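*Asks:* From the sequence below, what's the structure:
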Amino acid sequence: AEADVNDDGEIDYTEFVPLAVDLIQGKNAKRALEEEKAAMEQEERMKAEKFLIHGMDEEDLQKLMKDVFKKADADGNGSLSLQEFKSCIEEAEL
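*Replies:* Modelled structure (predicted):
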């Protein structure tokens, strides 16, 4: 067919090499495109997951968590006792 450049009914080495190179390059390009698409989808999924946590971006979520922690830290010592932690979780309904 197309690979049989000299129409002798056989594909010799000089006819085979360009065809094989084209096929390999095509497969490699397709694989690279699929990998790029998968990476982009993963990145978008991660962005969406971050945003979907209470409809907030990461910065707003961190601020909220700091505020919740400070409120739960009743004695203001910078850490939560077991009781403060339990109360925090119960109030947040987690």
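*Asks:* okay, CA-based contacts and neighbour counts for the rest of this
*Replies:* Fine.
*Asks:* Spatially central residue for the protein, please.
*Replies:* The geometric centre of the chain, computed from its C-alpha atoms, lies nearest to Gln42 (Cα atoms, centre = their mean), at 2.4 Å.
*Asks:* And that one, how close does it get to Thr14?
*Replies:* Remark: distance between Gln42 and Thr14 (Cα to Cα, to the nearest Å) = 43 Å.
*Asks:* How about Glu35?
*Replies:* With Cα to Cα as the criterion, Glu35 and Thr14 are 32 Å apart.
*Asks:* again with Ile89
*Replies:* 73 Å.
*Asks:* got it, and Ala20?
*Replies:* Ala20 is 10 Å from Thr14, by Cα to Cα.
*Asks:* ditto for Asp57
*Replies:* For Asp57, the distance to Thr14 (Cα to Cα) stands at 58 Å.
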